[in-house]
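Q: sharing a model that was predicted from the sequence below.
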Amino acid sequence: RKRLMPLTYYAVLTAVFFVVQLLNNVAFAYNVSQPLHMCVRSSSLAASFVLGRTLFGKRYTLTQFAAVLVVTAGTVLAVLSDGALRRCAQCDDIASFGALRDAYAAADDGDGGGGGGGGGG
């Protein structure tokens, strides 16, 4: 039977997966907080979106594109709030947002580890 996908695509996907896993482990050397690390790891949706478009020529609807933007914006807010928490641990407003982010990360942890509905995170 003829392959539907060339082996080179599998090789590229395997290489990308390997690099992502390696970078996930390297992130801890930079004192990244565990909740933030979990949040960023589970946001593989944008990466899947880009790879699907560039490698496989997949087309996405405007609704799907908007959903990716919303999820990515949430991840960016989590990253920024974590940095703000580390710089200003005494700020009540930022700390309450950090608690909200931590609650989200804890709730997201119950998804079986696949996260984000996108790639292989």
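A: Cool, got the structure. Model, not experiment: these values are computed from the prediction. Numbers count the residues shown, from 1 in each chain.
Q: any stretches of the protein with poor pLDDT?
A: Scanning the chain for pLDDT under 70 picks out 83-101, 103-121.
Q: let's see 50
A: The chain contains residues with pLDDT under 50 at 112-121.
Q: ok, which stretches of it are helices?
A: 7-26, 34-41, 45-56, 62-87, 92-108 (DSSP state H).
Q: is it possible to get CSV of the ones you listed that adds distance to Arg1 and mean neighbour count?
A: From N, CA and C alone the C-beta is placed, and that goes for glycine too. Converted to CSV, the helices of the chain look like this (distance: least, C-beta to C-beta, whole Å; neighbours: other C-beta atoms under 10 Å):
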stretch, distance to Arg1, mean neighbour count
helix 7-26, 14, 11
helix 34-41, 36, 19
helix 45-56, 20, 15
helix 62-87, 31, 14
helix 92-108, 39, 14
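Q: excluding its backbone neighbours, what's nearest Val71?
A: Leu45 (5.2 Å; C-beta to C-beta, 6 or more residues apart in numbering).
Q: one more: Val40?
A: Excluding its sequence neighbours, the residue lying closest to Val40 (C-beta to C-beta, 6+ apart) is Thr75, at 6.1 Å.
Q: give the contact list for Val68.
A: Leu45, Ala46, Phe49, Tyr60 (C-beta atoms under 8 Å, 6 or more residues apart in numbering).
Q: can we see that at 7 Å?
A: The contact partners of Val68, taken as C-beta atoms under 7 Å, 6 or more residues apart in numbering, are Leu45, Ala46, Phe49.
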